[in-house]
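Chemist: Kindly return the folded structure for what I paste below:
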Amino acid sequence: MAKIGEATTGFVETIRRLFPGITVKSLQRGESYTARKILDDCELIKRRGREIGISDQGINALISDTVKRHRRLANLEGAVSYAIDGISGNADPAAIDQSWLEEFQDHAEKASDESVRAMWGNLLAGEMNNPGRYSKRLMSVLSDMSASDARAFETICSLSCLHIKDAEGTVQAHPEGRPLPLLIEDEGGGTFNNGRFSYEQRVSLESFGLIDSSVFCISKIPPNSMMFVYLNESPAVFRNDSDKDAEMKFSPVFTTTGEELASLCSNIGTDVSLNDIAEKAAKKNGVTFARVQAHPASPTGATRH
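Modeler: From the prediction side, this is the model:
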């Protein structure tokens, strides 16, 4: 959070303009500052309330409302602090729709869990970098998610690969692509990927409209051809070495809203077990999984292996 103190004057003024209740000082000092401010305000309410004859019941009601307002502001400040590192030099906050900002503030103020606040911060940074990218529907879904729901979504992101289209033999080090969950049901049912993801988590994420297990994403791989993916921070392929068409089937799949939310997660394809899972998925679909060798002449690219 201390990085806010190093931000440019323009950025600080932008944050103040977007969210008038936020102070740079409170972002720098964090929760300890917030706690002291709450205590100071409560003491002031008690003293002034008694001086002007407000009943103890009335004073307690005012204190309760003040504490609630401070907590909501602290949640918002926490979310905004997560956005700082993700805001690019080309960000255009002035282009963000005012109603979007108002809805963001209303929802982010209720985010009491750290992992959920981080998602709200990434959402704000993404919208500032590309106004209009994230829907109000996404904010409504994210607002309804509990901390355990957020962790379940982070888990399925970590168990997903990125499908890289139109690779043409070369894959960038950090490519754009469609996230596709790589889930294989464990023997006995109830869990996936050796217990890393549960049926209950799948049902929960489906109830939010983030994933859909009723449909398949089917990618056709022509004879002696490849499907490029990205996982564990490196490119790989599902390779069809036969003389017939092959297919890779993925289910569940992310919905449109799920893909929006997945773009806020930095852990897509990072689970340590994903390499083994990809090999099992390839075998299940009659193809081969293989890593891709980096191009010696280009540290930012890769070629077919």
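
Chemist: Spatially, which residue comes closest to residue 221, not counting chain neighbours?
Modeler: Residue nearest to residue 221 in three dimensions, not counting chain neighbours: residue 240, with 4.1 Å by C-beta to C-beta, 6 or more residues apart in numbering. Where C-beta positions appear, they are placed from N, C-alpha and C, glycine not excepted.

Chemist: beta partners for the one you found?
Modeler: Beta bridges link residue 240 to residue 225, judged by DSSP bridges.

Chemist: quick one: low-confidence ranges for the stretch 1-150 of the chain?
Modeler: When residues are selected by pLDDT under 70, those of the stretch 1-150 of the chain lie in 1-16, 20-39, 62-63, 65-70.

Chemist: quick one: terminal-to-terminal distance for stretch 87-106?
Modeler: End-to-end distance for stretch 87-106: 21 Å, by C-alpha to C-alpha, to the nearest Å.

Chemist: who touches it?
Modeler: Outside of stretch 87-106, the residues within contact range by C-beta atoms under 8 Å, 6 or more residues apart in numbering are 11, 14, 17-19, 76, 120, 123-125, 127-129, 131-132, 136, 139.

Chemist: Cross the residues you listed against helices and list the overlap.
Modeler: Mapping these onto helices (DSSP state H) picks out 11, 14, 17-18, 76, 120, 123-125, 127-129, 136, 139.

Chemist: Only the buried subset of those residues, as a PyMOL command please.
Modeler: The following PyMOL line selects those of these that are buried, judged by 16 or more other C-beta atoms under 10 Å:
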select buried, resi 11+14+18+76+120+123+124+125+127+128+129+139
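
Chemist: would you list the ones in helices among the contacts of stretch 87-106 in CSV and tack on distance to residue 267?
Modeler: Formatted as CSV, the ones in helices among the contacts of stretch 87-106 follow (distance: C-beta to C-beta, whole Å):
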residue, distance to residue 267
11, 27
14, 28
17, 32
18, 28
76, 24
120, 17
123, 16
124, 19
125, 16
127, 20
128, 22
129, 20
136, 25
139, 21
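
Chemist: With respect to residue 111, which of the ones in helices among the contacts of stretch 87-106 is nearest?
Modeler: When the ones in helices among the contacts of stretch 87-106 are ranked by distance to residue 111 (C-beta to C-beta), residue 120 comes first, at 5.3 Å.

Chemist: Where does the residue nearest to residue 114 when sequence neighbours are not counted fall, secondary structure wise?
Modeler: In space, and not counting its chain neighbours, residue 114 is closest to residue 78: 7.5 Å by C-beta to C-beta, 6+ apart. Under the criterion of DSSP states H and E, residue 78 resides in helix 56-83.

Chemist: list the helices and strands that helix packs on?
Modeler: Counting contacts by 3 or more C-beta pairs under 8 Å, 6 or more residues apart in numbering; DSSP states H and E, helix 56-83 is packed against helix 24-29, helix 31-51, helix 98-108, helix 114-129.

Chemist: relative to helix 98-108, how tilted is that helix?
Modeler: 110 degrees (axes from the mean of the first three to the mean of the last three C-alpha atoms, to 10 degrees).

Chemist: Perfect, I'm done here.
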